[in-house]
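S.K.: Sequence and predicted structure are below.
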Amino acid sequence: MATEPIPAEDALAVHGAEAAGPGMPQLDVSSFPNQIFWLIVTLGVIYFVLSRFALPRIGAVLAERAGTITNDIAAAEELRHRAREAETAYDKALADARAEANRIVAETKAQIQADLDAEMEKADAQIAAKTAESQKAIDEIRESSARNVSEVARDVAREIVAAFGAEADAAKVDAAVDAKLGERA
Amino acid sequence: MATETVALVEGEEPGGLVFHPFDQFEVKPLFGEIGDPVSWYTITNVTFWMALSVLCVIGLLVLGTRGRAVIPSRMQSAAELVYGFVYKMVEDVTGKEGLKYFPWIMTLFLFILFSNYLGLLPMAFTTTSHIAVTAVLALGVFLGVTILGFVKNGMAFLGLFWMKDAPLFLRPIIAIIEVISYFVRPVSHSIRLAGNLVAGHAMIKVFAGFAAIAALSPLSIVAITAIYGLEVLVAGIQAYVFTILTCIYLKDALHPSH
């Protein structure tokens, strides 16, 4: 009977060793050196990998990306500027062309007007010349007809005087006819 | 009577419920028998899971970015996301001077992040659930930051504890409180991380134990799923919290005059 508790204690001891002491394995001091050693190794390796490879690389990639984005934005700005310049140039060219066209239209109009005026003047002059010529012809005709009238009148008067049997003084008859025609005229 | 005692010690109760929520945290040699002595150089499950976290870091940040593409692949995009996240955190909290220590903070963040997430794999061993690990991390930060503070600022670093905008008679009292809180920092820093992970993982195991009772097993599965989801959040958040606290301590070392 006295030996009975001993197996129980043995079992307790075995279990205690297995579970690394009663309660939490976290408080088992015997495992601390192992954990601390491997922790320091782990941290050392992670730090080495990070500081030597990973962080410079990622930093470089991020910087490169930022640079690329900045460059792209600058390029886009430049392109926009150029597009605006091109648009301005286009507008200016359009305005110039429009002005040129207007100028040509005006010039042509003026030219035509001038030609027209010249032609008109010429035509007027011709018409005036023709009118004057005709006037002259009319005047001549009128004059010659008037002379003919006086000649006919003198001849008629002379014949009438001769028919009355009188010796007609030609000069007197003419003077009398002219006087009469002068009265009428 | 002896067998009864043994059964009780083993934790096997008549109902068939077996709870070993802490077995998952045991440090065991990877090769050889369970119960072999664990000396400092023994290759254990700690070694294995820490090595996996190193491989994950290399996989994401080195292999993932080997294209060096201006237009990134998915992996490179994720790597850049982590880089940008930590870089911005360091820059925002500590300012430009803190960027010199960015690789160290990145190391801490990635190690904790991957350890936490690897620990969520079934059957995994969570290295960051051990106070030995988190205490070394926190003490490393504490010592590093304290030494840096004295090197950078000399005795002016002690101005961290001397509130210039407090009433004069209060300043000594505040200084004492500040000194105490300064020395408590590594404790809270390490226990917060380990405690969160231990609690979550142990809870999952406890709920898993209940699955042995058929009537409770659906509830158990739902609970495990819910806690697992919570743990996924906690894993990320604790890595973030540890890192941002490190940044804040670093800021105190670089600019002690508040």
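M.R.: Yep, that arrived.

S.K.: ok, now which ones touch residue 79?
M.R.: Here I'm looking at chain A. Contact partners of A:L79, counting by Cβ atoms under 8 Å, 6 or more residues apart in numbering or on different chains, are absent. For every residue, glycine as well, the C-beta is placed using N, CA and C.

S.K.: Chain B is the one I meant
M.R.: A:A54, A:I58, B:L60, B:L61, B:G64, B:T65.

S.K.: ok but the fourth one is inside a helix, no?
M.R.: Read that as B:L61. Yes. Membership of B:L61 in a helix is supported by DSSP: H, G, I helix; E, B strand; the rest coil.

S.K.: so B:M163 is in which element?
M.R.: B:M163 belongs to no helix or strand when elements are defined using DSSP states H and E.

S.K.: Any idea how many residues pack against the spatially closest residue to it that is not a sequence neighbour?
M.R.: Spatially, and ignoring its direct neighbours in sequence, B:M163 is nearest to B:I174 (5.0 Å; Cβ to Cβ, 6 or more residues apart in numbering or on different chains). Counted with other Cβ atoms under 10 Å in any protein chain shown, residues neighbouring B:I174 total 14.

S.K.: Please look at B:I174 and B:K164 and confirm they touch.
M.R.: No. Checked against Cβ atoms under 8 Å, the pair B:I174 and B:K164 is beyond contact range at 10.6 Å.

S.K.: show me where the chain has helices.
M.R.: Reading this off chain A. A:5-18, A:32-49, A:55-163, A:170-184 (DSSP state H).

S.K.: if you could check chain B rather than the one you did, that'd help
M.R.: Using DSSP H, helices in chain B cover B:2-10, B:45-57, B:74-94, B:102-118, B:131-153, B:171-210, B:217-254.

S.K.: Of all these, which one is nearest A:T108?
M.R.: Across these, A:T108 has its closest neighbour in helix B:74-94 (69.8 Å, Cβ to Cβ).

S.K.: Show me what counts as buried in the closest one.
M.R.: By 16 or more other Cβ atoms under 10 Å in any protein chain shown, the buried positions in helix B:74-94 come out as B:M75, B:Q76, B:A79, B:E80, B:V82, B:Y83, B:V86, B:Y87, B:M89, B:V90, B:V93, B:T94.

S.K.: Now B:P256: closest residue in space, sequence neighbours ignored.
M.R.: Using Cβ to Cβ, 6+ apart, the nearest residue to B:P256 is B:L160, at 4.0 Å.

S.K.: same check, this time on A:S51
M.R.: B:P103 (4.4 Å).

S.K.: burial count for that neighbour?
M.R.: 20.

S.K.: re the thing from before, let me know the closest of the buried residues of helix B:74-94 to chain A.
M.R.: Each of the buried residues of helix B:74-94 was scored against chain A by Cβ to the nearest Cβ, and B:Y83 proved nearest at 4.6 Å.

S.K.: In contact with the closest residue to chain A within the stretch 51-200 of chain B, which residues?
M.R.: Per Cβ to the nearest Cβ, B:L61 is where the stretch 51-200 of chain B lies closest to chain A, at 3.7 Å. Going by Cβ under 8 Å, 6+ apart, B:L61 touches A:V49, A:L50, A:F53, A:A54, A:L55, A:I58, B:A79, B:V82, B:Y83, B:L110.

S.K.: Tell me the spacing between the nearest residue to the first one once chain neighbours are set aside and A:T42.
M.R.: By that I understand A:V49. Leaving aside its chain neighbours, A:V49 sits nearest to B:I58 (5.7 Å; criterion: Cβ to Cβ, 6+ apart). Distance, B:I58 to A:T42, by Cβ to Cβ, to the nearest Å: 12 Å.

S.K.: for B:V145, same thing?
M.R.: Taken as Cβ to Cβ, the span from B:V145 to A:T42 is 21 Å.

S.K.: need the residues of the stretch 51-200 of chain B near chain A, please.
M.R.: For the stretch 51-200 of chain B, the contact set with chain A under Cβ under 8 Å from any Cβ of the partner chain comprises B:51, B:53-54, B:57-58, B:61-62, B:65, B:68-70, B:72, B:76, B:79-80, B:83-84, B:102-104, B:106-108, B:110-111, B:127, B:129-133, B:136-137, B:194, B:198.

S.K.: No further questions, thank you.
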